[in-house]
Structure formats: structure tokens, C-alpha cells
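# What follows is a predicted protein model with its sequence.
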Amino acid sequence: MAHCNTILNQLASFFPRHDFEKLATQYHQGQKFRSFNRWSQFMAMTIAQLTGRKSLRDLVGNIAAQGKRIYHLGMRSTSRATLARVNDQQPYNIFKEMFFQLLQRCQARA
């Protein structure tokens, strides 16, 4: 059977997962996540930006429809309430730091 990566998977490959997890533990606040993680939050917000989703309800519905594809991205499906809580309670600094690391990599190649 032929294998092909999705465009989202190809985009996610620009962000090394081990670097992301290091930042996630550095910037985590509050209780430990039980059924959700920062990678899933990052991928959900990336999907929202790339597909132009206007609401969390629309985003969660889109993610649920993807089914098997999100598993291969290393993320889990989630409820609207969980995603809203994580977006509200966790600091944005992890994504800011990720941006600057990616910018530094791009400038080194350019």
C-alpha cells in the first residue's frame, strides 16, 4: 500500500517534536494534563489557522471528522471545553519561543 504524508504532517515536520516537548515542560502551568497535551493544542490551533475556522465548535467538528489522520500527527481529538480551557489557562510563551526558534533556523538557511 502506498504511503503519503498529508500537507499538515509535512508542515509539522518543521517543528521537531523533542524541541517542542522541551518547551512544553518549561512553560507548563497548573495541573498535569491527563487526556490532552500541548502538542494536540498546537496542532489544533495550526489546523484552525490553516483552514480558517471561525469558532471552537467548528474546529472541534473538523478535527473529529479527520479521525485516523490526527492519530498520525500525534494528536488526540478533544472536546470544545477542554480546548477552551487549555487556550485560556496555559501561557502563550511556548508558541512565541517556538516562532523565534523557527525564525532562527530559517535565517540560518537563507
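Sure, I can see it. Numbers count the residues shown, from 1 in each chain.

# drop to CA atoms for contacts and neighbour counts, all remaining ones
Will do.

# What's the per-residue pLDDT of A2 here?
A2 carries a pLDDT value of 53.

# ugh, wrong one, E97
90.

# Skip the chain neighbours and tell me the closest residue to it.
L23 (7.9 Å; CA to CA, 6 or more residues apart in numbering).

# Name the helix or strand for that neighbour, please.
helix 17-27 (DSSP states H and E).

# So what touches the helix or strand following that helix?
Next in sequence after helix 17-27, counting helices and strands by DSSP H and E, comes helix 38-51. Here helix 38-51 makes contact (CA atoms under 8 Å, 6 or more residues apart in numbering) with 8, 12, 20-21, 24, 54, 59, 63, 74-77, 83, 86-87.

# Strands - which of those residues land there?
When DSSP state E defines the strands, the subset of those inside them is empty.

# Need the max-distance pair from these.
E21 and K54 (27.7 Å; CA to CA).

# ok, the two, which is more surrounded?
Taking neighbours as other CA atoms under 10 Å, E21 and K54 compare with E21 leading, 15 against 10.

# residues in contact with the more buried one?
W39.

# Need the per-residue pLDDT for it.
The model's pLDDT for E21 equals 85.

# can you list the weak-confidence ranges in this protein?
Regions of the chain meeting the criterion pLDDT under 70 cover residues 1-4, 30-31, 33.

# Regarding it, what is its longest helix?
helix 93-109 (DSSP state H).

# Please spell out which residues along that helix are buried.
For helix 93-109, a neighbour-count test (16 or more other CA atoms under 10 Å) marks I94 as buried.
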